[in-house]
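J.: quick one, what's the 3D model for this:
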Amino acid sequence: ADKTEDTKDETAAASGIVCWGDDLINGEESNTYSYMTVLQKLLTDNGYNMTVINKTLQGGGTLSMMKMAGVSDETIQSYITNVTETGIRDLTEEQTTRNDMDCIPVIFMGYYGGWNHDPAELADQQEQILNTFQNKDQFIVVGTRPMDGSVTSEALDQVLSQKWGEHYISLADVTAQPSSTYEAQQAMAEAILQKLQELNYISKN
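T.: The predicted structure follows:
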């Protein structure tokens, strides 16, 4: 048990928090109402000196996100069986440059598809992105049902909460509002802050 305590102290010095995955509020409004903006404000207001980095893709599927994280083409191709969304984005150099390797990732992806309507496949894809980080023990995964309604919140939460345990936040548990609403984004930011505190990932010094 001592060992885990030690690593917790050593890894507490994450340089910030990075949000990977879906940006559900597009355009200018995202700068005011997205969970990333709200989370930054909550951290600052609560005395935490942490920067929130935005590595989300507006309207992007999970395959594009893996590509952005630097997951190998071979791995990405293995998920393309009958995906209707095989469109993998052309990404800019800025998008694929990683300046967040020592941050705590908040992975919120899957709303726009790319995982064959299979929550276990989504969990694998989340893990592919998580594996690109230096410290794989500190992370948060947030789940919301896909936009097309092909998988229910219950089915998604069951698989993801089993996979990620205490690291998992079900958006359906946090708010009854649709995930792209300002209210849901606010509730999500609050839940993430609470989870960061619960898991002792952030401190005020």
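J.: how about low-confidence regions in the protein?
T.: The model of the chain has pLDDT under 70 over residues 1-13, 81-86, 205.
J.: which SS class is the most centrally placed residue in it?
T.: The centroid of the chain falls nearest to I107 when counting by Cα atoms, centre = their mean (1.2 Å). State at I107, reduced to three classes by DSSP: H, G, I helix; E, B strand; the rest coil: strand.
J.: correct me if wrong: it contacts L130.
T.: Yes - contact status for I107 versus L130: in contact at 6.6 Å, counting by Cβ atoms under 8 Å. Any C-beta I mention is one placed from the backbone N, CA and C, and that applies to glycine too.
J.: list residues touching both of these two?
T.: F139 (Cβ atoms under 8 Å, 6 or more residues apart in numbering).
J.: ok, the residue nearest to S34 when sequence neighbours are not counted to E166 distance?
T.: Nearest-residue entry for S34: I25, 4.7 Å, with adjacent residues in sequence omitted and distances by Cβ to Cβ, 6 or more residues apart in numbering. According to Cβ to Cβ, to the nearest Å, I25 and E166 sit 28 Å apart.
J.: could you check which of those two has the larger neighbour count?
T.: I25 (22 against 10; other Cβ atoms under 10 Å).
J.: any idea which helix or strand carries that one?
T.: For I25, there is no helix or strand it lies in under DSSP states H and E.
J.: so what's the backbone phi/psi at it?
T.: Main-chain torsions, I25, degrees, to the nearest 10: phi -110, psi 110.
J.: show the contacting residues for it.
T.: So I25 contacts 33-34, 180, 182, 185 (Cβ under 8 Å, 6+ apart).
J.: ok, so of these, who is nearest Q134?
T.: Nearest to Q134 among those, counting by Cβ to Cβ, is S34 at 25.6 Å.
J.: the closest one contacts N26, correct?
T.: No - look at S34 against N26 with Cβ under 8 Å: they stay out of range, at 9.2 Å.
J.: okay, these two: which has more neighbours?
T.: S34 (25 against 11).
J.: how much space between the more buried one and T181?
T.: On the measure of Cβ to Cβ, S34 and T181 end up 11 Å apart.
J.: what's the helix or strand for K41?
T.: Assigned by DSSP H and E, K41 falls in helix 35-45.
J.: quick one: distance of that helix to the chain centre.
T.: Offset of helix 35-45 from its chain centre (Cα atoms, centre = their mean, to the nearest Å): 15 Å.
J.: all strands for this protein, in order.
T.: Along the chain, the stretches classed as strands by DSSP state E are 16-23, 51-58, 104-108, 140-143, 168-170.
J.: what number of residues lie near Q77?
T.: Count around Q77 with other Cβ under 10 Å applied: 12.
J.: so who does the nearest residue to A187 once chain neighbours are set aside touch?
T.: Excluding the flanking residues, the one nearest A187 by Cβ to Cβ, 6+ apart is T175, at 4.0 Å. Counting by Cβ under 8 Å, 6+ apart, T175 touches 183-184, 187-188.
J.: many thanks, have a good one.
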